[in-house]
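# Fold the following, please.
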Amino acid sequence: MSERTNQLRIRTPEGVCFSLLLAGPVSRCLAWIIDAFSIFLAIHILISIVSRLGILSYDLPKAIVFVLYFTCPIGYAIIMEWYWNGQTLGKRLFGLRVIDIRGLHLDINQIVLRNLLRAVDSLPMFYLLGGIACLINRHAQRLGDLAANTIVIKEAKAIQPDLNLILEKNYYNSLREHPHLVARLRQQITAEEAGLALQALMRRNDLAPEERVDLFHIIARHFKDKVAFPQETIESVPSEQYVRNVIDVIFRVQR
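Got it, this is the predicted structure:
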């Protein structure tokens, strides 16, 4: 049995280390209960509406219910985790998120694989096999997570930082000229991503010049992939300045 830990430490190629708080079996179970109830309610509402319309025969709704109870949980999880970047309704309520174990972008193939294996994790009933796997695995991974190379983390609440340490009082930010894109950017960036970028800015003077340039180039490119701002807005902005602009629009309220 591997030694159990409640954190996952990731070291980037640039030598930057950060920790992620792993979600335990209890919080994952509570999130699953919320998701199961949502799926159950949606199925019964759908069947009730179709049946009352008289479209289906008496026996056909039973067959459809049987099929839906097997396909809806998997389809629901795949769609929600892809649309909400690793979250379902239950995970969102309890502050959980599925991510790649290496800290990389979560791929659609990983989402599909981990959810297809729910059928195995749920054996013999009530996710007993998956629950045992979570308890004995050092990263609290069920079998689907092990196969897809994913983990479920507990998102840390973002704390309002003292931006005066990295931003001037009358700081001009070209991103604020596009408020609809700024709103979309706030939705796409997680608390962990914003926190890591903020820490990088606060510790930038501790980095060697080449490491500093490489690190902020990677962070800026990651944020640019989230939301595409007009080229004329960002083309002349250095990578470190772009990261500073992103942190500004995320943490500082425009008055």
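# And stretch 121-130, end to end?
When the termini of stretch 121-130 are compared using CA to CA, to the nearest Å, they are 4 Å apart.
# who's in contact with that stretch?
29, 32, 118, 120, 133, 142-144 (CB atoms under 8 Å, 6 or more residues apart in numbering). All C-beta spots, glycine's among them, are computed from the backbone N, C-alpha and C.
# helix or strand right after the lengthiest helix in the chain?
As assigned by DSSP state H, the longest helix anywhere in the chain is helix 25-52. Using DSSP states H and E, the helix or strand that directly follows helix 25-52 along the chain is helix 60-83.
# Which members of the contacts of stretch 121-130 are the farthest-apart pair?
Maximum pairwise distance among those (CB to CB): 17.3 Å, between 29 and 120.
# check contacts around the closest residue to residue 152 other than its chain neighbours.
Closest residue to residue 152 apart from its sequence neighbours, by CB to CB, 6 or more residues apart in numbering: residue 23 at 4.3 Å. By CB under 8 Å, 6+ apart, the contact list for residue 23 reads 96, 140, 152-154.
# Run through the strands of this structure in chain order.
Here the chain has its strands, by DSSP state E, at 7-11, 17-21, 96-100, 150-154.
# Just checking: what are the partner strands of the third one?
Its sheet considered, strand 96-100 pairs with strand 150-154 (antiparallel) by DSSP bridges.
# Throw the strands of the chain into JSON lines and include mean pLDDT, thanks.
Listed next are these as JSON lines, based on pLDDT from 0 to 100:
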{"stretch": "strand 7-11", "mean pLDDT": "77"}
{"stretch": "strand 17-21", "mean pLDDT": "75"}
{"stretch": "strand 96-100", "mean pLDDT": "93"}
{"stretch": "strand 150-154", "mean pLDDT": "93"}
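# These into a markdown table, with extra columns for distance to residue 190?
Formatted as a markdown table, the strands of the chain follow (distance: least, CB to CB, whole Å):
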| stretch | distance to residue 190 |
| --- | --- |
| strand 7-11 | 14 |
| strand 17-21 | 11 |
| strand 96-100 | 7 |
| strand 150-154 | 10 |
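# Quick one: closest of the ones you listed to residue 245.
Residue 245 lies closest, by CB to CB, to one member of these: strand 17-21, at 21.7 Å.
# quick one on the thing from earlier: so which of the contacts of stretch 121-130 is the most crowded?
Counting neighbours by other CB atoms under 10 Å, residue 142 comes out on top of the contacts of stretch 121-130 with 27 neighbours.
# Tell me if I'm right that that one and residue 135 touch.
No: in this structure residue 142 lies outside contact range of residue 135 using CB atoms under 8 Å: 10.0 Å.
# what's the domain layout of this protein?
For the chain, the structural domains run 7-154, 163-251, going by automatic domain parsing.
# So which of the strands of the chain is nearest residue 82?
Once the strands of the chain are compared by CB to CB, strand 96-100 is nearest, at 10.2 Å.
# buried residues in that closest one?
Using 16 or more other CB atoms under 10 Å as the test for burial, strand 96-100 gives 96-100.
# Same check on stretch 136-149?
Residues of stretch 136-149 classed as buried: 137, 139-146, 148 (neighbour count, 16+ other CB under 10 Å).
# nearest to residue 42, of those?
In terms of CB to CB, no member of the buried residues of stretch 136-149 lies closer to residue 42 than residue 144, at 22.0 Å.
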